[in-house]
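[1] Below are the sequence and a predicted model; questions follow.
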Amino acid sequence: MEYPGNLFVVAAPSGAGKSSLVKALLELDARLAVSISHTSRAPRGQEQHGREYWFITPEEFRAMAERGDFFEWAEVHGNLYGTSRAGIESRLQGGEDVVLEIDFQGALQIKQLFAHAVLIFILPPSWDELRLRLARRGDTEPEVIAKRMNNARLEVAQAQHFDYIVVNAVFDTAVFDLKTIVHAQRLKYAAQRRNRSAVFQALDLP
Ligand SMILES: Nc1ncnc2c1ncn2[C@@H]1O[C@H](COP(=O)(O)OP(=O)(O)OP(=O)(O)O)[C@@H](O)[C@H]1O
Ligand SMILES: Nc1nc2c(ncn2[C@@H]2O[C@H](COP(=O)(O)O)[C@@H](O)[C@H]2O)c(=O)[nH]1
């Protein structure tokens with residue numbers, strides 16, 4: 001599938017900081033929109049339906065998957081997560097740029113569907129720091145942290161399939177790296193599509 005809008009996929013082990021980084025990136029870039037996923041997991045902390053996720057039951061999730069409502073979906077840490085077509089198709093068709101914050105299984109499914117999608121993997125600076133970040137966030141049970149740390153080793157092994165790897169050690173440096181990737185991709189994709197006005201727009205030229 002090919003749409004005029006750019007598609008960025010950000011994946012990372014839980015706690016590496018992808019939601020925080022994507023939030024900071026969106027604040028700097030009004031042309032980016034984040035896709036809100038559907039999940040069968042229960043809300044955590046202050047999470048709200050329709051803001052962090054669309055929270056639905058496993059039965060509702062499976063019915064949506066069977067209807068083909070998702071571009072991708074996967075089971076992650078024992079819960080179901082998916083990117084709905086309705087959430088992003090019209091934006092991409094309209095030339096808007098979209099970011100997906102999803103796991104590596106979903107990222108690889110997206111790359112099969114959208115050859116121009118840019119896959120970015122976020123790494124924590126160390127395993128100890130990853131564990132600390134999960135613990136400091138304060139909304140995840142110790143046994144869930146243990147499960148996510150185990151899964152993190154499998155997830156990091158998939159980083160080789162991504163277009164870029166960003167290490168989230170110093171937060172502002174990682175945001176800058178993401179910004180640079182987004183800017184470079186906008187130029188490249190616009191040039192590939194021979195869209196001169198999009199090239200000028202990406203360069204911020206009149
Ligand atoms: N560079 C950084 N240095 C220190 N702490 C950070 C950094 N980046 C993020 N954090 C903190 O780490 C914690 C985890 O971050 P965040 O929730 O963004 O991770 P995530 O990868 O989106 O996790 P999940 O997949 O579970 O949603 C948060 O408390 C966040 O404030
Ligand atoms: N394949 C997909 N993975 C998703 C999606 N939305 C989120 N996720 C990933 O799930 C884990 C856990 O998230 P959490 O909010 O429970 O901590 C994390 O890796 C997310 O990136 C999705 O739509 N598809």
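    Noted; the coordinates are in hand. Numbers count the residues shown, from 1 in each chain. Ligands and ions are numbered 1, 2, ... in the order given.
[2] Break down the chain into its helices, ranges please.
    18-28, 58-67, 85-93, 104-113, 127-137, 142-156, 171-192, 196-203 (DSSP state H).
[3] can you pull the buried residues of the second one?
    Taking 16 or more other C-beta atoms under 10 Å as the basis for neighbour counts, the residues of helix 58-67 that come out buried are Phe61, Met64. From N, CA and C alone the C-beta is placed, and that goes for glycine too.
[4] got it, and the longest one?
    For helix 171-192, a neighbour-count test (16+ other C-beta under 10 Å) marks Ala174, Val175, Asp177, Leu178, Ile181, Val182, Gln185, Arg186, Tyr189, Ala190 as buried.
[5] from those, which is closest to ligand 2?
    Ligand 2 lies nearest to Leu178 out of the buried residues of helix 171-192, by C-beta to the nearest ligand atom, at 15.1 Å.
[6] Kindly provide the distance from that closest one to Phe61.
    Applying C-beta to C-beta, to the nearest Å, the value for Leu178 to Phe61 is 29 Å.
[7] Near ligand 1, which residues of this structure are found?
    12, 14-20, 133, 136-137, 168, 171 (C-beta under 6 Å from any ligand atom).
[8] Just the buried residues from those, in PyMOL please.
    Burial among these is assessed by 16+ other C-beta under 10 Å; the matching PyMOL selection reads:
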select buried, resi 12+14+15+16+17+18+20+133+168
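[9] Lowest-confidence entry in the residues of the chain next to ligand 1?
    Least confident of these in the model: Arg137, at 88.
[10] Tell me which residues touch whatever residue of the chain ends up closest to ligand 2, please.
    Using C-beta to the nearest ligand atom, the single residue of the chain nearest to ligand 2 is Gly106, 2.5 Å away. By C-beta atoms under 8 Å, 6 or more residues apart in numbering, the contact list for Gly106 reads Val9, Ala11, Glu72, Trp73, Ala74, Tyr81, Gly82, Thr83, Leu100.
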